[in-house]
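Peer 1: show me how the following folds:
(chains A and B)
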Amino acid sequence: MKEFLRRTPRYFTSPKQAEQQIPDDLWKKCPGCGELTYTKQWLDNAKVCPKCGHHERMAAAEWIELLVDKGSWQEHDGDLQPADPLHFVSPRNNYAEKVATLQEQGLNESSVSGNAQIEEQPFALCVSEFGFMGGSMGSVMGEKIARAAERAADEGMALVTINASGGARMQEGILSLMQMAKTSVALARLGDVGQPHISILIDPCLGGVTASYASSADIILAEPGAVVGFAGRRVIEQTIRQKLPPEFQTAEFLLEHGMIDMVTPRAELRGVLAKFLRLYRRQSVRA
Amino acid sequence: MTAPELTPWDTVQIARHAQRPHTLDYIRGLTEDFVELRGDRRFGDDAAMIAGVGRFAGQTVAILGHQKGSNTKENLKHNFGSPHPEGFRKALRIMQHAAKFGFPLLCFIDTSGASPNLASEERGQAEAIAENLLVMADLPIPIVATVIGEGGSGGALAIGIADRLLMLEHAVYSVASPEASAAILWRDGAQAPEAAAAMRITARDLAEFGIIDEVIPEPEGGAHLDPVAVIAQVRTALQQHLDAIAAHSISALLEQRYHKYRRIGVVHERQAALFDSR
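Peer 2: Numbering: from 1, shown residues only, chains lettered A, B, ... in the order given. Sure thing, here's the model as predicted:
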């Protein structure tokens, strides 16, 4: 893909790599299979390993660049900022400071929202920003998704959400839990006007996000290999002392158990979305 | 009540007290002719979630509630009040059943959370909770939910979207248990008392955030010391709130329910705080 996707690749710091003295930006070592790929080829492949198909996590801006018609993206509610309603302080985790640090790094919040088009079909889009506190859902994400659902209902278009999240944002306490309710009431209204919510689950998607808007969608897609579930593997292994199968909570596991409609490789996603947008387009509402 | 000030961690202990009245105690104390309705018609029946119909205050109501036990044997039967997906789907069935017959819905929240295990994940724990949230958002009957003990995370919220949300004085309601919060944020589950304070999980906190509509007082020392008195308090509160919301049309009720949840959260828009749950 374009210059746009050129970020400093991760996973280059292992001693073994350093010994081999490979220039940092020339080759990408796949965290899935360990094979090296020429970085440009890897970026052109939307950060999917050409050898094993491992889908590397992407930032919200990269998703938007990959999926939507060039020039069609219009961000909404980019000025919403997290507050600190609990005045949350803990030895490891002072919420206000953490937010300030991340914002200095140029990350705004854990969700980016806007309107866009695919093949000239308009829709509302919310994309998780996993790099901001693990894509956790606090008041801002809840508000952005609720507004996006309302915008989609008002303008008679579909809502697409791309979801990677560790769950509710603990630092906002009960207010973060209630964002599960807030997004649900807004999505119920979108359903009332006959517009679909298409949810795309990417790695990892857990907890309060999976247990609310991301799983109540009309259509649910997931990326190959994405870990999706309610309670994380570690939590289950610790609390229940249960041995879990290796494929547990992967997209393929969910497909097999009837929880999602399809596992969609990244390269096919734009085409699949275009098809859904065509199929669910309501002429009467659009007119 | 009065007496020495309880710490949030003290409150957690009272909220979890084994002898505290549980859902079935409220059902016995509040209703006549209660009939338990069982099974999700999909997979099984989950004893962690009680569902049924009965008479309350002169009308038929549908009831849902997490059921904790008072001893080990009961707790094993009811899985400590932590439902599997079939428990939430039984609840969903009864919600839709109540709507079909126009019965108001009373929910009693008392769970440390949805059951985390392989079977739950295979059967779609997240989807089961998510679907309940979506359905409760515009379920066309009055809903009154009461947090009677522990309100834990998504498993609590899955029967917790309501026109009125009440909470017993020594109940707690949180996004994650104090132990889980401490494990995540302090990297040390032993810091649960500190997490209980930092997470703001008491009835007083939730009233301050504008999440709950009424705090129902408990006898000094907690509900377990006088269950009859606390059940009588709950009866009065439920009657008042059911009467108050019965005055509205269903469409007005759904509009109010929408705004009740839609406004929750605190965000800054540029510099000014525009959204405040209070």
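
Peer 1: residues touching the residue in the stretch 151-278 of chain B that chain A sits nearest to, list them.
Peer 2: Closest contact between the stretch 151-278 of chain B and chain A, by Cβ to the nearest Cβ, is at B:Gly265 (3.2 Å). The way it works is simple: take the backbone N, C-alpha and C, and place the C-beta from them, glycine included. With contact set as Cβ atoms under 8 Å, 6 or more residues apart in numbering or on different chains, B:Gly265 has these partners: A:Gly138, A:Ser139, A:Val140, A:Gly142, A:Glu143, A:Glu172, A:Leu175, A:Met178, A:Gln179, A:Lys182, B:Phe275, B:Ser277.

Peer 1: let's see if you can find the most crowded of these.
Peer 2: A:Gly142 (32 neighbours; other Cβ atoms under 10 Å in any protein chain shown).

Peer 1: wait, isn't that one in contact with A:Thr183?
Peer 2: Yes. Using Cβ atoms under 8 Å, A:Gly142 is in contact with A:Thr183, at 5.6 Å.

Peer 1: can you pull the pLDDT of A:Met58?
Peer 2: A:Met58 is assigned a predicted lDDT (pLDDT) of 96.

Peer 1: in chain A, which helix has the most residues?
Peer 2: If you go by DSSP state H, chain A has its longest helix at helix A:173-192.

Peer 1: do that helix and chain B meet at all?
Peer 2: Yes. Helix A:173-192 lies within reach of chain B by Cβ under 8 Å from any Cβ of the partner chain, at A:173-182, A:184-189, A:191-192.

Peer 1: distance between stretch A:34-51 and the chain's centre?
Peer 2: The chain centre lies 21 Å from the centre of stretch A:34-51; the measure is Cα atoms, centre = their mean, to the nearest Å.

Peer 1: can you check stretch A:249-267 too?
Peer 2: For stretch A:249-267, the distance to the chain centre is 15 Å (Cα atoms, centre = their mean).

Peer 1: what sits up against it?
Peer 2: Stretch A:249-267 is contacted from outside by A:45-48, A:53, A:55, A:66, A:200-201, A:215, A:219-229, A:233, A:247, A:272, B:121-124, B:127, using Cβ under 8 Å, 6+ apart.

Peer 1: can you give me the buried ones in that stretch?
Peer 2: A:Gln249, A:Thr250, A:Ala251, A:Phe253, A:Leu254, A:Leu255, A:Met259, A:Ile260, A:Asp261, A:Val263, A:Thr264, A:Arg266 (16 or more other Cβ atoms under 10 Å in any protein chain shown).

Peer 1: ok, stretch B:179-197 next?
Peer 2: Using 16+ other Cβ under 10 Å as the burial criterion, the residues of stretch B:179-197 that qualify are B:179-186, B:189, B:191-197.

Peer 1: check the residues you listed against chain A, which are close?
Peer 2: When contact is defined as Cβ under 8 Å from any Cβ, the buried residues of stretch B:179-197 meet chain A at B:Ala180, B:Ser181, B:Ile184, B:Leu185, B:Trp186, B:Glu194, B:Ala195.

Peer 1: let me see the contact set for the fifth one.
Peer 2: By Cβ under 8 Å, 6+ apart, the residues touching B:Trp186 are A:Ser90, A:Pro91, A:Arg92, A:Asn93, B:Glu194, B:Ala195.

Peer 1: equivalent analysis for the last one, please.
Peer 2: B:Ala195 makes contact with A:Ser90, B:Pro178, B:Glu179, B:Ser181, B:Ala182, B:Leu185, B:Trp186, according to Cβ under 8 Å, 6+ apart.

Peer 1: what does the model give whichever residue of the stretch 51-200 of chain B sits closest to chain A for pLDDT?
Peer 2: Closest contact between the stretch 51-200 of chain B and chain A, by Cβ to the nearest Cβ, is at B:Pro116 (3.4 Å). Per-residue confidence (pLDDT) for B:Pro116: 92.

Peer 1: go on, B:Leu185?
Peer 2: 85.

Peer 1: now do it against A:Met133, distance only.
Peer 2: According to Cβ to Cβ, to the nearest Å, B:Leu185 and A:Met133 sit 12 Å apart.

Peer 1: tell me what A:Met262 is bridged to.
Peer 2: Using DSSP bridges, the bridge partners assigned to A:Met262 are A:Leu221.

Peer 1: I'd like to know how far A:Ile145 sits from A:Ser139.
Peer 2: 11 Å.

Peer 1: for the buried residues of stretch B:179-197, which one is nearest B:Val230?
Peer 2: Distance to B:Val230, by Cβ to Cβ, is smallest for B:Ala196 among those, at 22.0 Å.

Peer 1: just the element for that closest one, please.
Peer 2: helix B:192-198 (DSSP states H and E).

Peer 1: other SSEs contacting the next helix or strand after that helix?
Peer 2: Under the assignment DSSP H and E, the closest C-terminal helix or strand after helix B:192-198 is helix B:203-208. The helices and strands touching helix B:203-208, judged by 3 or more Cβ pairs under 8 Å, 6 or more residues apart in numbering or on different chains; DSSP states H and E, are helix A:173-192, strand B:164-168, strand B:172-174, strand B:214-216.

Peer 1: so who does the nearest residue to B:Glu169 once chain neighbours are set aside touch?
Peer 2: Excluding the flanking residues, the one nearest B:Glu169 by Cβ to Cβ, 6 or more residues apart in numbering or on different chains is B:Glu218, at 4.4 Å. By Cβ under 8 Å, 6+ apart, the contact list for B:Glu218 reads B:Met1, B:Leu168, B:Glu169, B:His170, B:Val230, B:Gln233.

Peer 1: check B:His84 too.
Peer 2: Neighbours of B:His84 in contact, by Cβ under 8 Å, 6+ apart: B:Asp46, B:Ala48, B:Ala114, B:Ser115, B:Ala119, B:Ser120, B:Arg123, B:Gln125.

Peer 1: now do the buried residues in stretch B:131-143.
Peer 2: Quick answer for stretch B:131-143 (16+ other Cβ under 10 Å): B:Glu131, B:Asn132, B:Leu133, B:Leu134, B:Val135, B:Met136, B:Ala137, B:Asp138, B:Leu139, B:Ile141, B:Pro142, B:Ile143.

Peer 1: can you check stretch B:113-122 too?
Peer 2: Those would be B:Gly113, B:Ala114, B:Ser115, B:Pro116, B:Asn117, B:Leu118, B:Ser120, B:Glu121, B:Glu122, for stretch B:113-122 by 16+ other Cβ under 10 Å.

Peer 1: doesn't the second one fall inside a helix?
Peer 2: This points to B:Ala114. No. Under DSSP: H, G, I helix; E, B strand; the rest coil, B:Ala114 sits outside any helix and is assigned coil.

Peer 1: what about the closest residue to it other than its chain neighbours, how many residues nearby?
Peer 2: Spatial nearest neighbour of B:Ala114, excluding adjacent residues (Cβ to Cβ, 6+ apart): B:Gly155 at 3.4 Å. For B:Gly155, the count of nearby residues is 29 (other Cβ under 10 Å).

Peer 1: repeat for A:Glu268
Peer 2: 11.

Peer 1: next: A:Glu75.
Peer 2: Neighbour tally, A:Glu75, other Cβ under 10 Å: 14.

Peer 1: who's in contact with the longest helix along chain B?
Peer 2: In chain B, assigned by DSSP H, the helix with the most residues is helix B:227-246. Applying Cβ under 8 Å, 6+ apart, the contact partners of helix B:227-246 are B:20-21, B:25-26, B:29-30, B:56-57, B:104, B:106, B:142, B:144, B:146, B:148, B:163-164, B:166, B:168, B:213-214, B:216-219, B:223, B:253.
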